[in-house]
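Novice: structure of the sequence below:
(one chain, ligands or ions: 1)
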Amino acid sequence: MTTLASTRPGPAGPDPDTGQAGTVVRSSAFLRLLRNPLGIAAIAVLGAMVVLAVFAPVIAPFDQNYANIAKTLAAPDVVNLLGTDSAGRDIFSRIAFGAQLTLASALLCAAVAIAIGLPTGLIAGYYGGFFDSASNWVVSILMSLPGLIVLLTIRAAFGPSVWTAMIAFGILISPSYFRLTRSAVQSVRNELYVDAARVAGLSDASIIGRHVFSVVRAPIIIQTAAVCGIAIAIQSGLEFLGLGDPSQATWGVMLNDGFKNVYLAPTVLLWPALAMGLTIGALVLLGNAVRDALEDTDRVRGRRSGATTAATTAALGSATSAAMGSTSGADTAPHHAKARPVAKAAVPPVEDGTEHHLVKVTHLGIGYPQADGSIKKVVDDVSFHVDRGEVVGIVGESGSGKSQTAFSILGLLPDNARVVAGTVQFDGKYTVAPADDRVDEGRLRPLRGKRIAYIPQEPMSNLDPAFTIGYQLVTPMVRVLGITKAEAKARALKLLADVGIPHPERTFAAYPHEVSGGMAQRVLIAGAMSCEPDLIIADEPTTALDVTVQAEVLDLLRDLQSRLGMGMILVTHNFGVVADLCDRVVVMQNGRLVEEGPVRDILRSPREGYTQMLLASMLEGKEPMTTLGAQSSQKRAEKEAVR
Ligand SMILES: Nc1ncnc2c1ncn2[C@@H]1O[C@H](COP(=O)(O)OP(=O)(O)OP(=O)(O)O)[C@@H](O)[C@H]1O
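Specialist: Numbers count the residues shown, from 1 in each chain. Got it, this is the predicted structure:
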């Protein structure tokens, strides 16, 4: 069951800590379920059935197969509370023992279906590619099989075992879990917070386990309630047709006996039908109540609700349709050196004689294959470098290839992107080697979140709405830096204070929707700083923020960068930000490098017409750039003083 924090009234007015106005009331999904009368009724019925099944040997007055031939089809009395069947067996005892077998076999069916459908759906949805195509083929074949005929064939081949039948039915119904999981995963796999988790250094398994699995968890619970009900109905249907094992007391076998004697003793049919009807009805109601409880919760959670709610709503439907259809930082962070020896060994060295920079991009070309077989270049022959303690701005209009260049350093290019030329080196080692046609994820993974950090453009989209801010700061630190949770929490609180958050404890416990955009960006900056990286890549870090907050965030970045002596790549379309923060600037247009040099030189005397145009558009109606030059000198003097 998905549970959130207990009921917690939020601030009534604007929160001085979070900057967020309004009232936030959060209550647990489980409490919501308990407030729903139908939910309580369903839980009560199912609880009674489970108690009956578990304690059958104690509760039942007779053995399930004890027959009193002298008392067949007897009416209820004090000895046989629900009467006897055609063989003189006690109906109440058989209902109780039947509950054991019926419920356990339904759970077996759901377990088999989950064991097959959930992991395959997660992998197919997250990775796509060949596995996705192949598993879709298998699923289509499974769904096209006539379920009842398959079950009859299995019964003929393996005998009337209810277990075999339910394992087979579990396999037949597993496509419903596969499809549900796959579509839910596809809806979140391109979310920015999944990219952010990747950049923070989390492995694919951790990302799937935390950010992706949390989306499918609720629909899977709902689907399982529906599948159990369907399994009971199918199993009882087979037994009702006389295809069950008559030596085992199940509700289906009892239905069969009751039907044969319906005119002589109608109650013999009534009791197992009632037990079955109540159980299936309770499972359906429980599924609906869980969905309602989670939809309320999702409304509080915000953006994530789309994926979860859609998947949640799809859960019952897909289960039913499946059944119907067929059945280094050694210099700057010495205390991390121990935690990241692998990072250094994983990247191949560059050739001798190569000039050493923190980042060196050489004649880089990035392209995307087109339908006609050609490759469209979006980055073409771009070369620049970044040294420690230096801020390099990449500036250009929208679509000029700034982000693609930054992503090729981070290893965040889409799957279909191709490196068509050039290399990238990080701290003297290739991350894109001369022969590579893709950015090698394996070489970047040990560096991201340890030596290379990323500050994204849209702070809110880069935080997972399902987890608290504290959790999202602590988890990568525990995983990537190998420190304990307590150490990570202490460090997270200090980082939150360092980035200017007034009440770190409150923000640590808050969910992303409870903080303002400016606060969220500070949280992401804190996360990026947590590993004291050698290189920070900030992709338009202030674009999504309002003007006053932009200035604060830029101040913060400038302060942290000069204090920690990191290299920084700042992607921006704003020359004002470049003038304010950068030492050198790379100007890009249509994927090509137009001009590169010290900020002061480029601002004072831009050589290229495109740079002049960009500057002119920025300075329209404003003070001339002499102020910028002075500002830049002052910044440089401050930096020198710090060093
Ligand atoms: N997945 C993709 N497939 C094909 N082309 C792409 C893909 N991603 C980006 N591009 C193209 O690459 C070019 C450069 O995009 P990029 O995102 O680097 O621009 P940008 O300068 O960062 O712009 P913005 O400031 O708007 O983010 C654009 O023409 C874009 O259409």
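
Novice: next one: phi and psi at Gly83?
Specialist: Phi and psi for Gly83, reported as degrees, to the nearest 10, are phi 90, psi -170.

Novice: give me the pLDDT value at it.
Specialist: We have a pLDDT of 88 for Gly83.

Novice: just the one 5 residues further on next, same as before
Specialist: Gly88 carries a pLDDT score of 88 in this model.

Novice: repeat that for Ser27.
Specialist: Looking at Ser27, its pLDDT reads 51.

Novice: residue contacts, Ala111?
Specialist: Contacts for Ala111 (Cβ atoms under 8 Å, 6 or more residues apart in numbering) come out as Gly170. Where you see a C-beta, it was placed from the backbone N, CA and C, and this is true even at glycine.

Novice: now do the SS call for it.
Specialist: Three-state call for Ala111 (DSSP: H, G, I helix; E, B strand; the rest coil): helix.

Novice: roughly how far does it sit from the ligand?
Specialist: Distance of Ala111 to the ligand, computed by Cβ to the nearest ligand atom, to the nearest Å: 40 Å.

Novice: again with Asp539
Specialist: Distance from Asp539 to the ligand, by Cβ to the nearest ligand atom: 8 Å.

Novice: for this structure, which residues are neighbours of the ligand?
Specialist: For the chain, the contact set with the ligand under Cβ under 6 Å from any ligand atom comprises 368, 378, 396, 398-404, 414, 573.

Novice: in this protein, what residue sits furthest out from the centroid?
Specialist: Ala70 (63.3 Å; Cα atoms, centre = their mean).

Novice: Thr84 is in contact with that one, correct?
Specialist: No: Ala70 is not in contact with Thr84 according to Cβ atoms under 8 Å; the separation is 10.0 Å.

Novice: look up how far Leu615 lies from Ala56.
Specialist: According to Cβ to Cβ, to the nearest Å, Ala56 and Leu615 sit 83 Å apart.

Novice: assign the residue farthest from the centre of the chain to helix, strand or coil.
Specialist: Of the three states, Ala70 takes coil under three-state DSSP.

Novice: skip the chain neighbours and tell me the closest residue to it.
Specialist: Spatial nearest neighbour of Ala70, excluding adjacent residues (Cβ to Cβ, 6 or more residues apart in numbering): Gly88 at 6.8 Å.

Novice: and Ile173, by the same measure?
Specialist: Nearest to Ile173 is Ala113, by Cβ to Cβ, 6+ apart, at 4.8 Å.

Novice: what residue ranges in the chain score low on pLDDT?
Specialist: Low-confidence segments of the chain (pLDDT under 70): 1-28, 295-355, 544, 618-643.

Novice: related to what we said a few turns ago, dump the residue contacts of the residue nearest to Ile173.
Specialist: Ala113 touches 170-171, 173-174, 176-177, 227, counting by Cβ under 8 Å, 6+ apart.

Novice: then Ile167?
Specialist: Ile167 neighbours (Cβ under 8 Å, 6+ apart): 108-109, 112.

Novice: may I have the phi/psi pair for it?
Specialist: Per-residue torsions, Ile167: phi -60, psi -40 (degrees, to the nearest 10).

Novice: any idea how far it lies from the ligand?
Specialist: Distance, Ile167 to the ligand, using Cβ to the nearest ligand atom: 43 Å.

Novice: 56 is where my numbering starts, stick with that
Specialist: Got it, the first residue is 56 from now on, which makes the last one we talked about Ile222.

Novice: what is the neighbour count of the residue of the stretch 106-255 of the chain found nearest the ligand?
Specialist: Proximity to the ligand, evaluated over the stretch 106-255 of the chain using Cβ to the nearest ligand atom, is greatest for Asn245 at 10.6 Å. Here the number of neighbours of Asn245 (other Cβ atoms under 10 Å) works out to 9.

Novice: again with the one 10 residues further on
Specialist: Residue neighbour count, defined by other Cβ under 10 Å, stands at 28 for Ala255.

Novice: which residues in the stretch 506-655 of the chain form strands?
Specialist: 507-510, 590-594, 622-627, 639-644, 647-653 (DSSP state E, counting those that start in this stretch).

Novice: try the stretch 106-255 of the chain
Specialist: According to DSSP E, counting those that start in this stretch, the stretch 106-255 of the chain contains no strands.

Novice: can you name the residue of the stretch 506-655 of the chain nearest the ligand?
Specialist: As assessed by Cβ to the nearest ligand atom, the ligand sits closest to His628 within the stretch 506-655 of the chain, at 5.4 Å.
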